[in-house]
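1. would you be able to build a 3D model of this:
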Amino acid sequence: MPRDDTLVGVDSRTVETDRLETHYLESGGSDRAADEGETVLFCHGNVSSSRFFEDVMADLPARHRAIAPDFRGYGDSETKPVDATNGLGDFADDLRAFVDELGLAEPLVIVGWSNGGGVAMRYAIDHPEAVASLVLVNPLSPYGFGGTKDTEGTPCFGDYAGSGGGIGNDAFVAGLEDRDRSEEGQTSPRKVLRTYYVDPTHEFDGEREESYLTGMLDTATGDGNYPGASKPSDNWPGIAPGETGVNNAISPKYCELEAITEIDPDDKPPVLWIRGDSDQIVSNASLFDLGTLGRMGELPEWPGEDVFPPQPMVDQTRAVLETYADRGGEFEEVVFGNTGHAPHVEVPGDFLDRLESVLE
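-> Okay, the predicted model is just below:
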């Protein structure tokens, strides 16, 4: 159902595609001439929703049409299981059906945050002619999340142990299931929002914090969604990816976004890569990565730096984008200081300036 609590200038709508009943937010586009303004498609991250882009959408000049769908199992969209064996393909295919159903004029500017950056890359791989520009905001590594050890994405183990649905925090998942809005505990959704989604020094406006927290709590949990299924493994830490659920879809076993470098040079969209310098989720020492936790002594029987180091996520992204440029594309890396995992929430003015430079 559409929301009735959106910011001024932002509308809440739903549409039925041939794949999914999709809720989305929309703003702008009403006063632009036929040859002015761009259509911007915002793709949210894991354990979040379109709510995290609402402020930017409200402030974007009205000549630009901004649209932010909730992915399957998130926000106010329909919940359907995720086939992880196709990587982020379910989400990219849902997005394609959504674009077609709304009849959006292509090519589009696509903004992808965190896992949404992975969806945006997959969409560009599948439909390069439909993308005018990519804005990747603290994106998922092209080699997925967890279980790789160098800039080429080499797996730590052949079965990709240490990645996938089994590495989710049980207490955090329980907090999502219980729709816990308390401030108690290090793994409560509100604590995770304040500590990891943004730089810990960031101060939320009270009303906006409640909206973002709702966006997190509107996450479908279980083996088919978040975090997903797992399998036992003989390798450390004893779990390997299953075949369903979002955290398996971003496991390097199934997530192969380095194929973006293989897009024909004539179709390669320019890439703006924005990241916060204090991101604790997607970094070279992510506190959500088992290699980092093992190095810190937080996990028993860690096999050591040579076998399972922290995944160099930022270095992996940079290496892939440099190859992208070497093969006829172009990219720019922008780093915001004192900013964590959500620059569009933490420094919306600076973020909007960069986005408008792409749109103009």
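2. could you report the neighbour count for Pro300?
-> 8 (other CB atoms under 10 Å). For the C-beta atoms, the positions are set from N, CA and C on the backbone; glycine is no exception.
3. scratch that, Glu54
-> 28.
4. and Asp35, what pLDDT?
-> Turning to Asp35, the model gives it a pLDDT of 50.
5. what do you get for Gly29?
-> Taking Gly29 on its own, its pLDDT is 78.
6. what residues are up against it?
-> 37, 39, 62-66 (CB atoms under 8 Å, 6 or more residues apart in numbering).
7. would you check which pair of the residues you listed lies furthest apart?
-> Farthest pair in these (CB to CB) is Thr39 and Ala62. Separation: 12.9 Å.
8. more crowded one of the two?
-> More crowded of Thr39 and Ala62, by other CB under 10 Å: Thr39, with 22 against 14.
9. would you agree that one is in contact with Leu60?
-> No - if you go by CB atoms under 8 Å, Thr39 and Leu60 don't touch, sitting 11.2 Å apart.
10. need the overlap of contacts for these two.
-> With CB under 8 Å, 6+ apart, Thr39 and Leu60 have common neighbours Ala66.
11. which residue ranges form the strands in the stretch 151-300 of the chain?
-> All strands of the stretch 151-300 of the chain, identified by DSSP state E, counting those that start in this stretch, fall at 221-222, 226-227, 230-232, 239-241, 271-276.
12. on that earlier part again, and which of the contacts of Gly29 is nearest to Leu95?
-> Distances from Leu95 to the contacts of Gly29, taken as CB to CB, are shortest for Thr39 (13.4 Å).
13. beta partners for that closest one?
-> Thr39 has these beta-bridge partners by DSSP bridges: Arg65.
14. show me what contacts it?
-> So Thr39 contacts 29, 64-67, 104-105, 108-109 (CB under 8 Å, 6+ apart).
15. and these as JSON lines, adding distance to Ile167?
-> Below are those laid out as JSON lines (distance: CB to CB, whole Å):
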{"residue": "Gly29", "distance to Ile167": "41"}
{"residue": "His64", "distance to Ile167": "38"}
{"residue": "Arg65", "distance to Ile167": "38"}
{"residue": "Ala66", "distance to Ile167": "34"}
{"residue": "Ile67", "distance to Ile167": "32"}
{"residue": "Leu104", "distance to Ile167": "36"}
{"residue": "Ala105", "distance to Ile167": "40"}
{"residue": "Leu108", "distance to Ile167": "33"}
{"residue": "Val109", "distance to Ile167": "33"}
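16. now, of those, which are buried?
-> 29, 64-67, 108-109 (16 or more other CB atoms under 10 Å).
17. pLDDT-wise, what's the bottom of those?
-> Within the buried ones among the contacts of Thr39, pLDDT is lowest for Gly29, at 78.
18. where does it land in three-state SS?
-> coil (DSSP: H, G, I helix; E, B strand; the rest coil).
19. please tell me how far Gly329 sits from Cys43.
-> 19 Å (CB to CB, to the nearest Å).
20. more neighbours, these two?
-> Cys43 (29 against 20).
21. residues in contact with the closest residue to the more buried one other than its chain neighbours?
-> Counting by CB to CB, 6 or more residues apart in numbering, Cys43 lies nearest to Gly116, which is 3.2 Å off, once chain neighbours are set aside. Going by CB under 8 Å, 6+ apart, Gly116 touches 42-45, 71, 137, 139.
22. now those residues in JSON lines, with secondary structure, distance to Asp289 and pLDDT?
-> Output for the contacts of Gly116, formatted as JSON lines (DSSP: H, G, I helix; E, B strand; the rest coil; distance: CB to CB, whole Å; pLDDT from 0 to 100):
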{"residue": "Phe42", "secondary structure": "strand", "distance to Asp289": "26", "pLDDT": "98"}
{"residue": "Cys43", "secondary structure": "strand", "distance to Asp289": "22", "pLDDT": "98"}
{"residue": "His44", "secondary structure": "coil", "distance to Asp289": "21", "pLDDT": "98"}
{"residue": "Gly45", "secondary structure": "coil", "distance to Asp289": "16", "pLDDT": "98"}
{"residue": "Phe71", "secondary structure": "coil", "distance to Asp289": "23", "pLDDT": "98"}
{"residue": "Val137", "secondary structure": "strand", "distance to Asp289": "19", "pLDDT": "98"}
{"residue": "Pro139", "secondary structure": "coil", "distance to Asp289": "15", "pLDDT": "98"}
